[in-house]
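>>> below are the sequence and a predicted model; questions follow.
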Amino acid sequence: MRLAPSLHRIGNDIVASYLVVAPDGITLVDAGLPGMYADLRHELDGIGRTLDDIRGVILTHGDSDHVGFAERLRRERGVPVFVHAADADRARGGDKPKSAMGPFRLGPLLRFAAFGIRKGMRPQWLTEVREVADGETLDLPGSPHIVGMPGHSPGSVAVFSPAVRAVFVGDALTTRHVLTGRTGPGPAPFTDDPAEALASLDRIAGLDADWVLPGHGPAFRGSPAEAADAVRKVARG
């Protein structure tokens, strides 16, 4: 799905990954669920590019619905996979804290589960990662800049690409709550430290971007500051 010139999404409002497309190659942000590999190939075919154009995968964090097909790209195509050092073990299948499920509605929960069954909820965990840190700008298409966003997980990050005026936020916020179906910017479920996640929103509020792109939910067309304010408003009730 084309969002803007050089900016594409695969998946849907339940689980999404993103492509930054440049003449010198493609940067993939998150790898969704394993079965979304076919969606990736379909999107690439539609824009006349191939898997060999992918220069790197950046994970916003190490949860299973973001690791997805990353190891397959790394193993079969030699694509490096970047993840914050604090989430490297999680991306390899290490232990994850048990967070409260919170409120849910049966319909949205079943749709999330059904999509997971269709696309495969069990990733092949990574066997090799390249660790990154807050403040790094990677030598990848779109000049992606890493912004530490601890809270959802210790190593959660946002990825800011000034080339496409977008910030990819993973689960630092959501625009479609997978358990309740609520739409609009709000806190994401299954967050390790909700208070820390809210505080981390300050890290993106000053970024000059037109798009805020979450791992779950529709694209938010507006500034990161507007998205952050909306999340805080929902959190306050």
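Perfect, I can see it now.

>>> so for this protein, the centremost residue is which one?
Nearest residue to the geometric centre of the chain (CA atoms, centre = their mean): residue 170, 3.2 Å.

>>> look up the residues forming beta bridges with that residue.
Beta bridges link residue 170 to residue 214, judged by DSSP bridges.

>>> so it is in contact with residue 157, correct?
Yes. With contact defined as CB atoms under 8 Å, residue 170 counts as touching residue 157 (7.2 Å). Every residue, glycine included, has its C-beta placed from N, CA and C.

>>> mind listing the shared neighbours of those two?
Common neighbours of residue 170 and residue 157, counting by CB atoms under 8 Å, 6 or more residues apart in numbering, are 60-61, 149.

>>> and the spatially closest residue to residue 136 that is not a sequence neighbour, which of the three is it?
Distance criterion CB to CB, 6 or more residues apart in numbering; nearest residue to residue 136, sequence neighbours excluded, is residue 146 at 4.7 Å. Three-state assignment for residue 146 (DSSP: H, G, I helix; E, B strand; the rest coil): strand.

>>> helices of the chain, start to end?
Remark: helices assigned in the chain by DSSP state H are 37-46, 64-67, 70-77, 88-91, 106-119, 194-200, 202-205, 224-236.

>>> for this protein, where's the lowest mean pLDDT among helices and strands?
helix 106-119 (a mean of 92; mean pLDDT, DSSP states H and E).

>>> for that one, which positions count as buried?
Buried residues in helix 106-119, defined by neighbour count with 16 or more other CB atoms under 10 Å: 108, 112, 115-116, 119.

>>> neighbouring contacts of the lengthiest strand in the chain?
In the chain, with assignment by DSSP state E, the single longest strand is strand 16-22. With contact meaning CB under 8 Å, 6+ apart, strand 16-22 is reached by 6-11, 26-32, 36, 40, 43, 47, 49, 66, 68, 141-142, 144, 161, 163-164, 166, 168, 213-217.
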